[in-house]
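Q: quick one, what's the 3D model for this:
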Amino acid sequence: MFSFVGVLYKGLEKLKAKCETIACTAEEVHDLANSWLVLRSVLNTHNEVFSYLLHIRLDLFLGQAMAFLFTLATIRHSGSPLQVLLASIIPLGEITIRLCAICWAGDGIIAKYNEILDMLREYLCSSQAITWKGNCTGVSEVDFVGLHRLLSRMEAKPMFIQVWGSDKLCINTFVKQMGLVVTYLVVLLQLGPQEKQEE
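A: Numbering: from 1, shown residues only. Prediction:
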């Protein structure tokens, strides 16, 4: 899955490099559009193949986290501190770091794409302002309309990693998952003393 994400991230970096040196000729706009379409194709393939697997992976994280928390709540009074550490805290920390890395990768794609959009917007605004003042040479070779259309299409189809049955993969996904885990921990801690009193 992350080989696709790596290819996509590198492709976005190359697209950003092209945007930094663009002179807005028709050929450059066409090349930029082709590069964007290739990246869209890679992203669509990734989302079609891996969105359900990503959903399963997030569910597995919840299941593992809840199992380790249940273990922690069960053995925290009876077991030794070393048992508690090895049986629940270390594995829970490991899967939390893994989930954070997955969500961080999704957030990186979104951030890089937004940088490209901001760069194109800034270029269009500044270049058109110069052209309207009559200070730009070679205006006939400049394809502002084509670049503006490309930017509109790029804004209409944002790039993000899709999670099946959910929205995009980003840091908010990590926050939501951790919110569920913390809620489960609170419920466990509230039920624990009541069970002790009944015995």
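
Q: max-length helix in this protein?
A: Across the chain, the longest stretch assigned as helix under DSSP state H is helix 26-75.

Q: list the buried residues for whichever helix or strand comes after it?
A: Using DSSP states H and E, the helix or strand that follows helix 26-75 towards the C-terminus is helix 81-84. Within helix 81-84, the residues scored as buried using 16 or more other CB atoms under 10 Å are residue 84. For every residue, glycine as well, the C-beta is placed using N, CA and C.

Q: check which helices and strands helix 81-84 sits against.
A: helix 26-75 (3 or more CB pairs under 8 Å, 6 or more residues apart in numbering; DSSP states H and E).

Q: could you pull up phi and psi at residue 165?
A: Main-chain torsions, residue 165, degrees, to the nearest 10: phi 70, psi 10.

Q: number of nearby residues for residue 152?
A: Applying other CB atoms under 10 Å, we find 10 residues neighbouring residue 152.

Q: what's the separation between it and residue 110?
A: 19 Å (CB to CB, to the nearest Å).

Q: and for residue 166?
A: 15 Å.

Q: of those two, who's got more company?
A: More neighbours surround residue 110 than the other of residue 166 and residue 110, with 17 against 13 (other CB under 10 Å).

Q: which helix or strand contains the more buried one?
A: helix 90-133.

Q: contacting residues for residue 87?
A: 68, 71, 72, 75, 79 (CB atoms under 8 Å, 6 or more residues apart in numbering).

Q: among these, show me the least confident.
A: Of all the contacts of residue 87, residue 79 carries the smallest pLDDT score, 62.

Q: can you read off the pLDDT for the residue nearest in space to the middle of the chain?
A: By CA atoms, centre = their mean, the chain has its centre lying nearest to residue 106, at 1.8 Å. In the predicted model, residue 106 carries a pLDDT score of 91.

Q: and it, how far from residue 155?
A: With CB to CB as the criterion, residue 106 and residue 155 are 19 Å apart.

Q: what sits closest to residue 66 if chain neighbours are left out?
A: residue 184 (5.3 Å; CB to CB, 6 or more residues apart in numbering).

Q: how many neighbouring residues does the nearest residue to residue 105 once chain neighbours are set aside have?
A: Distances taken as CB to CB, 6+ apart place residue 5 nearest to residue 105, at 5.3 Å, with adjacent residues excluded. A count of neighbours around residue 5, defined by other CB under 10 Å, yields 20.
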